[in-house]
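**Student:** Predicted structure and sequence below. I'll ask about it afterward.
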Amino acid sequence: MSKKIDNIIADIKDQYLEDDNNIPWIIGYSGGKDSTVVLTFVWWALLEIRTEKGNSALSRPVFVVNNDTLVENPIITDYVVEVLDYIRTAAVEQNLPIKVQVTTPQLEDSFWISFLGKGYPVPNNTFRWCTERLKIKPTSQFILDKVDSLGEAIVLIGTRKSESATRAKTIERHEIKGKRLTKHPLNHNTYNYAPIKDLHIEEIWYILNSKPSPWGYDNKKLFQIYADAHADDYECPTVITDKTQPSCGQSRFGCWVCTVVKEDKSMTALVKRGNEWMSPLLKFRNEMVEGRNVSENRSATRRNGQAAVDADGHNQGNYTFEYRKHMLRRLLETQREMQKTKPHMELISNQELVAIQINWYRDGYFSPKVTEIYSKVYNRPMPMDGTQYQERLILETVCKDNPDDYYLINDLVALYKSKTILMNNNGLQGDIEKRLENYINSKQCL
């Protein structure tokens, strides 16, 4: 194994030092086991290059690109946010040419606007609109931006032949004998490089469990996430040295709203292993699956006006307004329930809520308004803006013993930001005093 590791590092060093005008490297980093190992190898290779050739040899930029679909499994979101912060800090401290970039879907392409705003039926195997909108487009745009500015780009991927027979055939079909790089299937002037394609899952976990993370993060946390998400019927050939540890394995994490799979085994396993706060998410996801093909939930036409009724008279068009507003209310109820344990987590952003309202207006639906549905669920007005994810995470930690204080502070920050955006602070003091008075009165009623 040690020799195999040395060979991969040597291969990466050789490719990094290629005389190709320092074409930028882009590492697709999901936070999962394979992409973590790819970044680990690259990090080790860069450190060795600097030792052997000095800082001047590290002239090729390396971008660690994480694509946030905005509907990722919340446990993975928390993990990735924390890890990316470690990577940013360590890259600066170690003076490495590594930069972190997070991509997200355009607002009009987000899952909730497509589903609740426009009424798209949730994805299945025959209508899988989510992959293109949530994953491919955001990352492809970042790659294209780098290609446009620098001419070409090389994308490092964590695919492995041993993952499946299909994956092995795909890798072999695009391989050019004697060459490390293959043409990217979607983007011109872009190449793929798969440095760990010949590693097996046992070797992946050996590296993560036995070697310290070069950016200082504890890989045991990643191992534990996989262990908790391991479903009973998954084969898990992981080799571990401590027999008291549970086996983990090939659990796959994706969007918590994924309706392409019949059953979300990883989220079900996470709930069973102590993450009961995720139960409302699993319930909502199952509701989306169950309601997908119900004729009463669907229109008789598609959004373009084309008839969409099958031979049996079942509607197959986009979702009706009644179903959309029902599912928005259910989503907000699910979010409210989850936030009793995890106040910092949002399932849908205020920006998306506003965009849903705009789409409802375009479709001719003016009542009820999104803000009215929000107010009924939360028993308070919808804030115009809120804090960023990392800020909310810190705020939750500080207010751990007094969760109500979290919402008070978040609302006050949102109020201040809304006034700043409008460039008008008139009435700000009065609004703040009113919020504080309402908060005190609510406490006295209890």
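**Tutor:** Everything's here; your move. Residues are numbered from 1 along each chain as shown.

**Student:** Show me where the stretch 101-250 of the chain dips below the pLDDT cut-off.
**Tutor:** Filtered on pLDDT under 70, the stretch 101-250 of the chain yields the residue ranges 162-178, 231-250.

**Student:** where along it do the helices fall?
**Tutor:** Here the stretch 101-250 of the chain has its helices, by DSSP state H, counting those that start in this stretch, at 111-112, 129-130, 137-150, 165-174, 201-210, 219-228.

**Student:** Next, format these as CSV and append distance to Gly119 and mean neighbour count.
**Tutor:** Glycine gets a C-beta too; all of them are placed from N, C-alpha and C. Formatted as CSV, the helices of the stretch 101-250 of the chain follow (distance: least, Cβ to Cβ, whole Å; neighbours: other Cβ atoms under 10 Å):
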stretch, distance to Gly119, mean neighbour count
helix 111-112, 12, 22
helix 129-130, 12, 20
helix 137-150, 20, 17
helix 165-174, 33, 12
helix 201-210, 41, 19
helix 219-228, 34, 19
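
**Student:** Now tell me what touches the helix or strand hosting Ala45 from outside.
**Tutor:** Using DSSP states H and E, Ala45 falls within helix 33-53. Helix 33-53 is contacted from outside by 5, 8-9, 12-13, 16-17, 25, 27-29, 57-58, 62, 64, 87, 94, 96-98, 156-160, 195-196, 199, 204-205, 207-208, 211, 213-215, 219, 222, 226, using Cβ atoms under 8 Å, 6 or more residues apart in numbering.

**Student:** Need the buried ones from these selected in PyMOL.
**Tutor:** Provided next is the PyMOL selection string for whichever of these are buried by 16 or more other Cβ atoms under 10 Å:
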select buried, resi 5+8+9+12+13+16+17+25+27+28+29+58+62+64+87+96+97+98+156+157+158+159+160+195+196+199+204+205+207+208+213+214+215+219+222+226
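
**Student:** picking that back up, let me have the helices of the stretch 101-250 of the chain in TSV, extended by distance to Ile49.
**Tutor:** Formatted as TSV, the helices of the stretch 101-250 of the chain follow (distance: least, Cβ to Cβ, whole Å):
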stretch	distance to Ile49
helix 111-112	41
helix 129-130	39
helix 137-150	20
helix 165-174	26
helix 201-210	20
helix 219-228	23
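
**Student:** nearest to Thr77, of those?
**Tutor:** Nearest to Thr77, of all the helices of the stretch 101-250 of the chain, is helix 219-228, at 11.5 Å by Cβ to Cβ.

**Student:** The closest one packs against which elements?
**Tutor:** Packed against helix 219-228 by the contact rule (3 or more Cβ pairs under 8 Å, 6 or more residues apart in numbering; DSSP states H and E) you find helix 33-53, helix 74-93, helix 201-210.

**Student:** returning to that earlier point: just checking the distance from the helix holding Ala45 to the centre of its chain.
**Tutor:** Centroid separation between helix 33-53 and its chain, computed with Cα atoms, centre = their mean, to the nearest Å, is 24 Å.

**Student:** do stretch 267-280 as well
**Tutor:** Worked out by Cα atoms, centre = their mean, stretch 267-280 lies 18 Å from the chain centre.

**Student:** Please work out which residues outside it touch it.
**Tutor:** Residues contacting stretch 267-280 (Cβ under 8 Å, 6+ apart): 73-75, 228-232, 251, 256, 281-282, 285, 333-334, 337-338, 340-342.

**Student:** Buried ones only from the residues you listed, please, as a ChimeraX command.
**Tutor:** Restricted to buried positions by 16+ other Cβ under 10 Å, the ChimeraX selection for the contacts of stretch 267-280 reads:
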select :73,74,75,228,229,230,231,251,256,281,282,285,334,338,342
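
**Student:** if we can go back for a sec, could the helices and strands packed on helix 219-228 go into TSV alongside distance to Gln106?
**Tutor:** Output for those, formatted as TSV (distance: least, Cβ to Cβ, whole Å):
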stretch	distance to Gln106
helix 33-53	23
helix 74-93	19
helix 201-210	33
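
**Student:** For Tyr374, which of those is the nearest?
**Tutor:** Judging the helices and strands packed on helix 219-228 by Cβ to Cβ, what sits closest to Tyr374 is helix 74-93, at 20.1 Å.

**Student:** orientation of that closest one relative to helix 33-53 in degrees?
**Tutor:** 0 degrees (axes from the mean of the first three to the mean of the last three Cα atoms, to 10 degrees).

**Student:** So Val354, which state does it fall into?
**Tutor:** helix (DSSP: H, G, I helix; E, B strand; the rest coil).

**Student:** Now for it: which residues touch it?
**Tutor:** Val354 neighbours (Cβ under 8 Å, 6+ apart): Val370.

**Student:** per-residue confidence at it?
**Tutor:** On pLDDT, Val354 comes in at 88.

**Student:** how far away is it from Thr259?
**Tutor:** Distance, Val354 to Thr259, by Cβ to Cβ, to the nearest Å: 25 Å.

**Student:** Would you map the helices across the stretch 301-446 of the chain?
**Tutor:** 321-339, 350-362, 370-378, 389-398, 403-421, 428-445.

**Student:** ranking those by mean pLDDT, which is last?
**Tutor:** Across the helices of the stretch 301-446 of the chain, helix 403-421 gives the lowest mean pLDDT, at a mean of 62.

**Student:** domains of this protein?
**Tutor:** 2-225, 386-446 (automatic domain parsing).

**Student:** Quick check: which of the ones you listed is nearest to His326?
**Tutor:** Nearest of the domains of the chain (Cβ to Cβ): domain 2-225, 9.9 Å.

**Student:** next helix or strand past the helix holding Ala45?
**Tutor:** strand 62-67.

**Student:** Closest to the centroid, which residue in the chain?
**Tutor:** Geometric centre of the chain, nearest residue: Asp68, 3.3 Å, by Cα atoms, centre = their mean.

**Student:** Which pLDDT value does the model give the closest residue to Gly31 other than its chain neighbours?
**Tutor:** If the residues on either side of it in the chain are set aside, Gly31 comes closest to Val80, at 4.0 Å by Cβ to Cβ, 6 or more residues apart in numbering. Model confidence at Val80, given as pLDDT, is 95.
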